[in-house]
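**Q** Sequence plus the predicted model coming up.
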Amino acid sequence: MRFQTEPPFTHGQPERTAILLCNLGTPDEATAPAVRRYLGQFLSDHRVVEIPKPVWLPILHGIILRTRPAKSAAKYASIWTQDGSPLALWTAKQATLLRGWLGEAGHPVLVRHAMRYGNPSIASQLDALKADGATRILILPLYPQYSGTTTASVFDAVYAWAARTRHVPELRFVNRYHDHPGYIDALARSIEAHWKANGQPDKLVMSFHGVPERTRTLGDPYHCESLKTGRLLAQRLGLRDDRYVLTFQSRFGKAKWLEPYTQPTVEALGKAGTRRVDVVCPGFTSDCLETLEEINMEVREAFLHAGGQEFHYIPCLNDSSHWITALSRIAQQHLAGWPTEPDGAAAQADARERALAGGAPKGPMPPVL
């Protein structure tokens with residue numbers, strides 16, 4: 001069957017507006033089999049790896065998925081909590097808080113969260129929103145800076161779901177908010193709170209997730225938007241140019257990625273006599289493997305081993321009230337023009353009576369097969 005079966009429908013039922021928060025994803029467990037499934041999905045995405053599939057897939061399945069899962073699972077285990085993946089927990093909490101924030105602002109919209117890779121999937125959450133009566137859905141990726149490797153991949157998943165859906169809801173997409181005043185302010189307040197409690201460093205390192213250099217030369221705006229976020233954040237904090245440095249982390253493979261790389265930069269600072277560095281990761285809205293293990297463990301060790309004396313990792317925005325406020329403002333900006341309150345009972349009853357008078361069948365409409 002080409003199209004999915006539509007959920008039951010009753011004439012007069014309220015039309016709802018919804019938001020789908022989308023994050024990158026995480027394995028279901030910190031085990032090699034779970035990591036293998038996750039990496040298999042992640043690294044098969046043509047947005048992530050642009051090598052032609054006939055060349056790439058034998059490497060992926062013949063080498064990478066045979067050797068990397070066990071090593072990655074050990075890293076995941078080092079940051080796993082009693083309740084599961086930090087990224088999954090923070091993303092779910094952000095969705096819950098956003099729903100509450102918007103409700104308080106007079107917008108009782110549906111809010112769910114989804115993962116581009118892993119669970120809950122984007123397709124399953126879109127199905128759930130449709131079943132809840134959503135006829136208008138705002139897709140809000142938790143990536144402040146746009147990249148074809150992340151933001152566009154989320155959109156691909158939504159388009160693929162829509163291609164299998166008979167009755168496609170109205171869809172809107174948030175491409176970026178790298179320079180949104182609320183987002184910049186939330187970052188600054190998080191850093192200021194850390195400095196108030198711990199004092200200021202000799203150097204602030206702003207570490208963004210890396211992407212291949214080739215994507216920048218082909219027109220991906222991620223590098224430019226990361227630099228703008230860093231510049232605006234430094235201005236908001238009142239930092240001189242010599243007080244901070246912007247770097248890129250999580251390089252994969254042997255190709256050249258965006259530079260400067262985070263770990264070599266931090267090592268060089270330690271060797272040069274820099275006593276204390278603080279590292280913040282503005283491009284990550286939830287703490288995850290790349291922040292808790294790569295930065296707070298691996299990069300920390302590299303800095304101290306190189307001669308540095310004090311290393312501070314400043315956590316991601318997570319459930320910060322300033323961040324949820326900013327997220328709600330971003331959402332409201334993109335919801336503009338859509339009704340966000342469901343029709344009242346009287347309006348629903350009237351709509352149903354009109355539909356029945358026009359010949360609509362009584363009771364829920366049977367699914368069209």
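**A** That came through, no problem.
**Q** contacts, neighbours, all on C-alpha from now
**A** Noted.
**Q** Mean pLDDT per helix and strand in the chain: which one sits at the bottom?
**A** helix 345-357 (a mean of 48; mean pLDDT, DSSP states H and E).
**Q** what comes into contact with stretch 151-164?
**A** Here stretch 151-164 makes contact (CA atoms under 8 Å, 6 or more residues apart in numbering) with 2-4, 22, 45, 47, 116, 122-123, 141, 143, 146, 168, 173, 175.
**Q** pretty sure Val277 is in a helix, no?
**A** No: counting by DSSP: H, G, I helix; E, B strand; the rest coil, Val277 is not found in a helix; it is strand.
**Q** show me the contacts for it.
**A** Pro201, Asp202, Lys203, Leu204, Val205, Val266, Glu310, Phe311, His312.
**Q** Format those as JSON lines; extra columns: distance to Val245.
**A** Below are the contacts of Val277 laid out as JSON lines (distance: CA to CA, whole Å):
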{"residue": "Pro201", "distance to Val245": "12"}
{"residue": "Asp202", "distance to Val245": "11"}
{"residue": "Lys203", "distance to Val245": "7"}
{"residue": "Leu204", "distance to Val245": "6"}
{"residue": "Val205", "distance to Val245": "5"}
{"residue": "Val266", "distance to Val245": "10"}
{"residue": "Glu310", "distance to Val245": "17"}
{"residue": "Phe311", "distance to Val245": "15"}
{"residue": "His312", "distance to Val245": "15"}
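**Q** And those, which of them are buried?
**A** When burial is judged by neighbour count using 16 or more other CA atoms under 10 Å, the buried members of the contacts of Val277 are Pro201, Lys203, Leu204, Val205, Val266, Glu310, Phe311, His312.
**Q** Out of the contacts of stretch 151-164, list just those in strands.
**A** Cys22, Arg116, Pro141, Phe173 (DSSP state E).
**Q** Now do the residue nearest to the third one when sequence neighbours are not counted, the pLDDT please.
**A** Leaving aside its chain neighbours, Pro141 sits nearest to Cys22 (4.5 Å; criterion: CA to CA, 6 or more residues apart in numbering). As summarised for this prediction, Cys22 has a pLDDT of 98.
**Q** same question, the one 5 residues further on
**A** At Pro27 the predicted local confidence, pLDDT, stands at 98.
**Q** likewise Arg189?
**A** According to the model, Arg189 scores 98 on pLDDT.
**Q** and it, how many residues sit next to it?
**A** By other CA atoms under 10 Å, 18 other residues sit near Arg189.
**Q** helix/strand/coil for it?
**A** helix.
**Q** could you list every residue that touches the closest residue to it other than its chain neighbours?
**A** In space, and not counting its chain neighbours, Arg189 is closest to His322: 7.8 Å by CA to CA, 6+ apart. Taking CA under 8 Å, 6+ apart, we find His322 in contact with Gly182, Asp185, Ala186, Arg189.
**Q** Compute the distance between His322 and Ile19, please.
**A** Plainly put, His322 is 19 Å away from Ile19 if you go by CA to CA, to the nearest Å.
**Q** next one: Pro181
**A** In terms of CA to CA, Pro181 sits 21 Å off from Ile19.
**Q** Between those two, tell me which one has more neighbours.
**A** Ile19 (26 against 16).
**Q** from memory that one sits against Leu142, does it?
**A** No: applying CA atoms under 8 Å, one finds Ile19 not in contact with Leu142, separated by 12.0 Å.
**Q** can you map out the helices along this structure?
**A** 32-42, 53-59, 65-79, 86-104, 122-131, 151-163, 181-198, 213-217, 222-237, 262-271, 289, 300-305, 321-335, 345-357 (DSSP state H).
**Q** Adding distance to Glu15, write those helices out as a markdown table.
**A** Below are the helices of the chain laid out as a markdown table (distance: least, CA to CA, whole Å):
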| stretch | distance to Glu15 |
| --- | --- |
| helix 32-42 | 34 |
| helix 53-59 | 42 |
| helix 65-79 | 41 |
| helix 86-104 | 17 |
| helix 122-131 | 10 |
| helix 151-163 | 19 |
| helix 181-198 | 30 |
| helix 213-217 | 41 |
| helix 222-237 | 36 |
| helix 262-271 | 48 |
| helix 289 | 39 |
| helix 300-305 | 51 |
| helix 321-335 | 15 |
| helix 345-357 | 9 |
